[in-house]
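Sequence isn't available, so here's the structure alone:
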Ligand SMILES: Nc1nc2c(ncn2[C@@H]2O[C@H](COP(=O)(O)OP(=O)(O)OP(=O)(O)O)[C@@H](O)[C@H]2O)c(=O)[nH]1
Ligand SMILES: [Mg+2]
């Protein structure tokens, strides 16, 4: 191309047109016509080269811009867990550097399970003193069973769960009578764990507790966002006076921000005069000394917590394996082993002074996402090595969802997480709403959102492992048909339930997308990192292919 131009530049005429050829003095009519034709042809070629350069530049710019993926879904659907899977699969080095910070979260998850059992024990003990009180326990009736109410947002289902147990009150009374002094002893020896929980919660901040109420009554509050406005040429969203408390963006590397809070700050009144003298001296040596001492203090506080947990190990084991307590939990339909952040079966490994979380521990740990978190994932291996993707993780509870909308106009793909094991559960923040109902409404809202017409939507039908367990006789033998309208006589197994939901989500996409779009659905168990990495490979390739295609670079 450069050669072509330089040829013409060297014979540039007096008009300054690089493509005009210098006519000879005795130019005939025919020669003139030929020259004009040649000039025209050269101009056309040059124009097409210019257009190509421009297109290449745009494509290159697009190529350099990181791929942006937004993870959406209700709270506890597995968004943050999916991001952890991305890190393990493609940026393992960075992941291992973060892993140790999760120790406090795993400890909190463990201690919380213990305290949940202790609370139940306390309630049962207070009732066991009066045999006439079994009626005071609430046993849901069949009329309180949660039903998926279709996809209308207006009539949330009533709360409760189907308890088919006959004579539950008598059973409960039987267990209560079986509580002995040993149980009282266990309870009082484990009392310090309440303080440990408070300590850990304070340090981890508000991410450590779940949202238990909301005044947001719709699944899709982002559909009511104020209009896009332009201020000084910059596109903005009108501020919403009713915006939820959690409307903010954290442009940091995700969960680490919350975890950093685990490290206590050096407070003035805990400093020795020696520290202050060192500060006045201002030497590099004294700074290093201060840092060392502050790190030591951090370790001290962490150690104190670890000491209490380690010293309680045998009592925690005794509590969790006690038949009477198991009976009480069963009677209350409390399946702690299916709940998020369950580590009681790992007590031997975790309640030790030198405990370091494994990959698996971190993936199973639960820490709520606050606001919107931005993760920069730098691929460390494979054909994508060196490329950066930006993954946005959001808080999924209803009160957090209005914060999603500003991210809609600048993403390449959305991965939507729908936990399919939750068909018989209600939202933590609004007990009247069935969790699967909420997921369907949310999906419908995203499919119909005009701003997302050209955004690739991918759905993970997640928590398949929990679905399998829930339907199996040992996991409760829940009957899907009791909760899912239209399920009919289909088999009560995980595969059939999953494909039923797959079809439901697919139909919503088809019916509500403004323009036809592909349905990319994957059945996942995000705690299974090996399986999930295979899914992520497919998803990564799909997103990349489409992105390159849009940049006109695909073959
Ligand atoms: N058994 C099982 N647990 C899962 C699965 N996916 C996620 N979890 C667990 O569910 C809990 C909640 O997952 P998160 O990834 O924190 O959920 P989230 O969607 O980020 O929730 P918010 O931050 O509140 O919006 C964690 O303890 C996970 O380990 C799954 O497929 N199977
Ligand atoms: Mg999260």
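Noted; the coordinates are in hand. Worth saying up front: this structure is predicted, and the values here are computed from it rather than measured. Ligands and ions are numbered 1, 2, ... in the order given.

and the stretch 1-150 of the chain, which residues reach ligand 2?
Residues of the stretch 1-150 of the chain found near ligand 2 (Cβ under 5 Å from the ion) are 79-80. For glycine as for every other residue, the C-beta is placed from the backbone atoms N, C-alpha and C.

Just give me how far stretch 180-187 sits from the chain centre.
Relative to its chain's centre, stretch 180-187 lies at 40 Å (Cα atoms, centre = their mean, to the nearest Å).

just the strands in the stretch 351-500 of the chain please.
Ranges of strands in the stretch 351-500 of the chain, per DSSP state E, counting those that start in this stretch, are 372-378, 388-394, 413-419, 456-462.

Around ligand 1, which positions in the stretch 51-200 of the chain sit nearby?
Counting by Cβ under 6 Å from any ligand atom, the stretch 51-200 of the chain comes close to ligand 1 at 73, 75-81.

Residue 320 - nearest residue in space that isn't next to it in sequence?
With sequence-adjacent residues excluded and distances taken as Cβ to Cβ, 6 or more residues apart in numbering, residue 320 is closest to residue 344, at 4.7 Å.

What degree of burial does the one you found show, as a neighbour count?
18 (other Cβ atoms under 10 Å).

what's the answer for residue 338, then?
Using other Cβ under 10 Å, residue 338 is surrounded by 16 other residues.

try residue 55
Neighbours of residue 55 (other Cβ under 10 Å): 13.

What separation do you get for it and residue 545?
Between residue 55 and residue 545 the distance is 19 Å, computed by Cβ to Cβ, to the nearest Å.

how about the residues of the stretch 251-400 of the chain near ligand 1?
Within the stretch 251-400 of the chain, the positions adjacent to ligand 1 are 340-341, 363-364, 366, 368-369, 395-396 by Cβ under 6 Å from any ligand atom.

Can you tell me which of the residues you listed are buried?
Among these, those buried by neighbour count (16 or more other Cβ atoms under 10 Å) are 341, 363-364, 366, 368-369, 395-396.

And the residues you listed, which is closest to ligand 2?
residue 369 (3.1 Å; Cβ to the ion).

shouldn't the closest one be in contact with residue 391?
No. Judged on Cβ atoms under 8 Å, residue 369 makes no contact with residue 391 at a distance of 11.9 Å.

Make CSV out of the residues of the stretch 251-400 of the chain next to ligand 1 and add pLDDT.
CSV is the format used below for these (pLDDT from 0 to 100):
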residue, pLDDT
340, 95
341, 97
363, 98
364, 98
366, 96
368, 94
369, 94
395, 95
396, 95
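
show me which of those residues neighbour ligand 2.
Among those, the residues that sit close to ligand 2 (Cβ under 5 Å from the ion) are residue 369.

ok, back up a step: the residue nearest to residue 320: what's it in contact with?
Neighbouring residues of residue 344 by Cβ atoms under 8 Å, 6 or more residues apart in numbering: 110, 113-114, 316, 320, 336-337.

nearest to residue 459, of these?
Checking these against residue 459 with Cβ to Cβ, the nearest one is residue 337 at 26.9 Å.

and this protein, which residues reach ligand 2?
Counting by Cβ under 5 Å from the ion, the chain sits next to ligand 2 at 79-80, 369.

Can you read off the pLDDT for the residue nearest to residue 357 when sequence neighbours are not counted?
Leaving aside its chain neighbours, residue 357 sits nearest to residue 102 (4.7 Å; criterion: Cβ to Cβ, 6+ apart). Residue 102 carries a pLDDT score of 96 in this model.

re the thing from before, can you put the contacts of residue 344 in a markdown table and add distance to residue 203 and pLDDT?
Shown next, in a markdown table, are the contacts of residue 344 (distance: Cβ to Cβ, whole Å; pLDDT from 0 to 100):
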| residue | distance to residue 203 | pLDDT |
| --- | --- | --- |
| 110 | 15 | 98 |
| 113 | 19 | 97 |
| 114 | 18 | 98 |
| 316 | 21 | 98 |
| 320 | 25 | 97 |
| 336 | 24 | 95 |
| 337 | 27 | 93 |
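
farthest-separated two in those?
Greatest spatial distance among the contacts of residue 344 (Cβ to Cβ): 316 and 337, at 14.6 Å.

These two: which is more packed in?
More neighbours surround residue 316 than the other of residue 316 and residue 337, with 23 against 13 (other Cβ under 10 Å).

what's the one helix or strand that one maps to in contact with?
Element membership of residue 316 [criterion: DSSP states H and E] is helix 313-321. The contact list for helix 313-321 (Cβ under 8 Å, 6+ apart) reads 110, 114, 117-118, 186, 189-190, 325, 344-345, 347-348, 351-352.

please redo it, this time with the cut-off set to 6 Å
With Cβ atoms under 6 Å, 6 or more residues apart in numbering as the contact definition, helix 313-321 has outside contacts at 114, 117, 186, 189-190, 344, 347, 351.

Poorly predicted segments of the protein, please.
Within the chain, the stretches with pLDDT under 70 are 1-22, 58-64, 128-177, 224-301, 552-555.

can you list the domains in it?
Structural domains assigned to the chain are 2-60, 67-550, following automatic domain parsing.

ok, and which of the ones you listed has the densest surroundings?
Across the domains of the chain, the average number of neighbours (mean count of other Cβ atoms under 10 Å) peaks for domain 67-550, which reaches a mean of 17.

Could you pull up the contacting residues of residue 329?
Residues in contact with residue 329 (Cβ under 6 Å, 6+ apart): none are found.

residues in contact with the residue nearest the centre of the chain?
Central residue of the chain (Cα atoms, centre = their mean): residue 79, 2.0 Å from the mean position. Contact analysis of residue 79 by Cβ under 6 Å, 6+ apart lists 71, 73, 393, 417.
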